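A.B. asks: Next comes the sequence, and after it the predicted model I'd like to discuss.
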Amino acid sequence: MAQLEKDVFGVFLMLTCGYLFAAVAGIAADALAAEDGIRRPLPDLLFQALPEIEDAGEAVNDKAELAFLCVAAPVLLWRRKLRLAARQIYVIQSALWVLRAPAFLVTRLPNPYPKCRPVEGLSLASPGKILELALGVLRGTVHTCADVMFSGHTAGLTMILLVVLRHAPSAWPYFWSHFLGTVLVMVCSRFHYTTDVYVGFVVASFFCWWYFERVDRAMREARATPRRLGTLSSFLVWYEGDLHEGPGVHAKG
């Protein structure tokens, strides 16, 4: 039962911080863009040089990300790390989406996808309307356009890639190939600039490295001095400790 509570906590964290918060910020960014105007795009020579895949859009990128997950799940299941990997994805994605919010609220770059049309008549003076539209984003009936920098698709793919390779490092040839191919399609479909793809990769890579390093440190501290854990280490040991092996933590492969 304790394991299920932690799984539910992770899902709740991802739904609220990872999705709802980011959806509200995305609508707010569109409202700011409507009131103050969008900024000029960053110089992006590679974006202009790559060939365009017409009429690809968001569906292609979403399906590529789903295919990535569908291959990752059996690999992690075979390694008996699916549950641990899922918990890590919940918390990492929550943090990354919280980090995205101020980024696209400040940058407000024009969306490179020509068919992206923001909701008309948006205003920050109508918080109820913003929340209503944010719920529409979660349902897939409303689309935002100013949430470009940094790329959420790239950050999500990078997160899944690094979580999988943490538990199944020998699977790197397939997952790196799939990742690079998907990122290329994102840019060629004009759904993202190469600049925001690059920033999404760097931010997600750094945060995953930091998170995994803190988890490893917390587990070492739990084995050495379990009564002297700091707040973050205590949380990580509570959240992941029952799925780690070793003395001082409960092994549940």
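C.D. replies: Happy to help now that I have it. As the structure is a computational prediction, the values presented were derived from the model and not from experiment.

A.B. asks: Select the longest helix from this protein.
C.D. replies: helix 194-224 (DSSP state H).

A.B. asks: Would you agree residue 208 is in contact with residue 163?
C.D. replies: Yes: counting by Cβ atoms under 8 Å, residue 208 touches residue 163, with 7.2 Å between them. The C-beta positions use only the backbone N, C-alpha and C, and glycine is treated the same way.

A.B. asks: Mind listing the shared neighbours of the two?
C.D. replies: Here residue 208 and residue 163 share the contacting residues residue 92, scored by Cβ atoms under 8 Å, 6 or more residues apart in numbering.

A.B. asks: Sketch out the low-pLDDT regions of the stretch 51-200 of the chain for me.
C.D. replies: Of all residues in the stretch 51-200 of the chain, those with pLDDT under 70 make up the ranges 54-62, 125.

A.B. asks: what sits against residue 93?
C.D. replies: 14, 18, 156, 159.

A.B. asks: any idea how far residue 168 lies from residue 75?
C.D. replies: 5 Å (Cβ to Cβ, to the nearest Å).

A.B. asks: Oops, could you answer that again for residue 116 instead?
C.D. replies: For residue 116, the distance to residue 75 - Cβ to Cβ - is 34 Å.

A.B. asks: For the stretch 101-250 of the chain, just list every one of the helices.
C.D. replies: Taking DSSP state H, counting those that start in this stretch as the criterion, the stretch 101-250 of the chain carries its helices at 127-139, 152-167, 172-188, 194-224, 231-240.

A.B. asks: and residue 96, which of the ones you listed is closest to it?
C.D. replies: Judged by Cβ to Cβ, the one of those that comes nearest to residue 96 is helix 152-167, at 5.0 Å.

A.B. asks: Report all helices and strands that the closest one contacts.
C.D. replies: The helices and strands touching helix 152-167, judged by 3 or more Cβ pairs under 8 Å, 6 or more residues apart in numbering; DSSP states H and E, are helix 57-78, helix 82-107, helix 172-188, helix 194-224.

A.B. asks: Please identify which of the ones you listed is closest to residue 29.
C.D. replies: With Cβ to Cβ, the closest approach to residue 29 among the helices and strands packed on helix 152-167 belongs to helix 82-107: 5.1 Å.

A.B. asks: and that closest one with helix 57-78, angle?
C.D. replies: Counting by axes from the mean of the first three to the mean of the last three Cα atoms, to 10 degrees, helix 82-107 lies at 150 degrees to helix 57-78.

A.B. asks: just use 35 as the starting number from now, easier for me
C.D. replies: In the new count, where the first residue is 35, that last one comes out as helix 116-141.

A.B. asks: Which positions within helix 116-141 qualify as buried?
C.D. replies: Across helix 116-141, burial judged by 16 or more other Cβ atoms under 10 Å covers 116-131, 134-135, 137-139, 141.

A.B. asks: Ok, stretch 246-263 next?
C.D. replies: Buried-residue list, stretch 246-263, by 16+ other Cβ under 10 Å: 249, 252, 253, 255, 256, 263.

A.B. asks: just stretch 222-237 next, same as before
C.D. replies: Buried residues in stretch 222-237, counted by 16+ other Cβ under 10 Å: 222-235, 237.

A.B. asks: what about residue 60, which SS state?
C.D. replies: Classification of residue 60 by DSSP: H, G, I helix; E, B strand; the rest coil places it in helix.

A.B. asks: so what's it closest to, chain neighbours aside?
C.D. replies: residue 178 (3.6 Å; Cβ to Cβ, 6 or more residues apart in numbering).
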